[in-house]
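> below is the sequence, then the predicted model.
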Amino acid sequence: MINDQFFNIDILLENEKVLISPLLPEHFMALLPVAMEKLLWQFTTAKINTEADFKHYFDTALAEREQKKSYPFAIFDKEKGEFAGSTRYGNIDFQNLRTEIGWTWIKTSLHGTGFNKQCKFLLLQYAFETLLLNRVELKTNVLNERSQKAMIKLGAVQEGVFRKHLVNDDGTIRNTMYFSFINDEWNNTKEEFFKGL
């Protein structure tokens, strides 16, 4: 599975609360209302202000799967019966057995509810236990303290800051804080931080 076939399979990850499925063109209208929550894009490189902005973002995500650059997902809230956001595996490097979980945005009404934790667990579990990767990275804007605290609560290890790392869509410069999980620590992390899910 750890080759080009990865991008051709339909990955479905779910538990009682969350269904994570491959992002498809038909998800656009279902996700549009969520994407219009401007607070979601405050600290991201992408700045989504209009439906056209989101269409470009959405089409780019679909194209990246075709180009074998990333694997985007739609996130479905099973309890509410509605789509709640998106996430993806990106910067996929099977030669070095690593990937990144990111480009995650979830409707603000679910922030602080543990919903994101459910999603991250499913993605981490698949990365380490099915794909057998060595490393999973997460990153965030150094200004996004809420996101950093959330990553630490998941058991991610803070590694450091990449200075002047990215240029945002609006031309501003972003410093990026990196976090990681590694396979040697996954069983302990799962037991300590994800117990009871």
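Thanks, I have the structure now.

> can you give me the helices for this protein?
Applying DSSP state H to the chain gives helices spanning 28-35, 51-66, 115-125, 145-153, 183-193.

> just how off-centre is the first one within its chain?
Remark: helix 28-35 is offset 17 Å from the chain centroid, using CA atoms, centre = their mean, to the nearest Å.

> so which elements touch that helix?
helix 51-66, strand 82-93, strand 98-106 (3 or more CB pairs under 8 Å, 6 or more residues apart in numbering; DSSP states H and E). In short, each C-beta sits where N, CA and C put it, glycine included.

> ok so, going back, for Asp170, find the nearest of the helices of the chain.
Counting by CB to CB, Asp170 lies closest to helix 51-66 out of those; the figure is 11.1 Å.

> pull out the buried positions in the closest one.
Asp53, Phe54, Tyr57, Phe58, Ala61, Leu62, Glu64, Arg65 (16 or more other CB atoms under 10 Å).

> and the angle for that helix with helix 28-35?
120 degrees (axes from the mean of the first three to the mean of the last three CA atoms, to 10 degrees).

> about what we covered before: pipe the buried residues of helix 51-66 into CSV and attach distance to Thr44 and pLDDT per row.
What follows is the buried residues of helix 51-66, written out as CSV (distance: CB to CB, whole Å; pLDDT from 0 to 100):
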residue, distance to Thr44, pLDDT
Asp53, 12, 96
Phe54, 12, 98
Tyr57, 10, 97
Phe58, 14, 98
Ala61, 13, 98
Leu62, 18, 98
Glu64, 16, 96
Arg65, 19, 96
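
> now those residues in CSV, with distance to Glu159?
Converted to CSV, the buried residues of helix 51-66 look like this (distance: CB to CB, whole Å):
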residue, distance to Glu159
Asp53, 31
Phe54, 31
Tyr57, 27
Phe58, 30
Ala61, 26
Leu62, 30
Glu64, 24
Arg65, 27
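
> now the two most distant members of the residues you listed.
Between any two of the buried residues of helix 51-66 (CB to CB), the greatest distance is 20.0 Å, for Asp53 and Arg65.

> still on that earlier bit, nearest to Leu138, out of the helices and strands packed on helix 28-35?
strand 98-106 (5.8 Å).

> partners of the closest one in the sheet?
Its sheet considered, strand 98-106 pairs with strand 82-93 (antiparallel), strand 135-141 (parallel) by DSSP bridges.

> just the C-alphas of it, formatted as PDB.
Extracted C-alpha coordinates of strand 98-106, given in PDB (Å, rounded to 0.1, in the frame of the first residue of the first chain):
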ATOM      1  CA  ARG A  98       6.400  10.200   7.100                       C
ATOM      2  CA  THR A  99       3.400  12.400   6.400                       C
ATOM      3  CA  GLU A 100       1.700  15.500   7.800                       C
ATOM      4  CA  ILE A 101      -1.800  15.800   9.100                       C
ATOM      5  CA  GLY A 102      -3.000  19.300   8.400                       C
ATOM      6  CA  TRP A 103      -5.100  21.700   6.300                       C
ATOM      7  CA  THR A 104      -7.700  20.900   9.000                       C
ATOM      8  CA  TRP A 105     -10.800  23.100   9.400                       C
ATOM      9  CA  ILE A 106     -13.800  22.200  11.500                       C
END
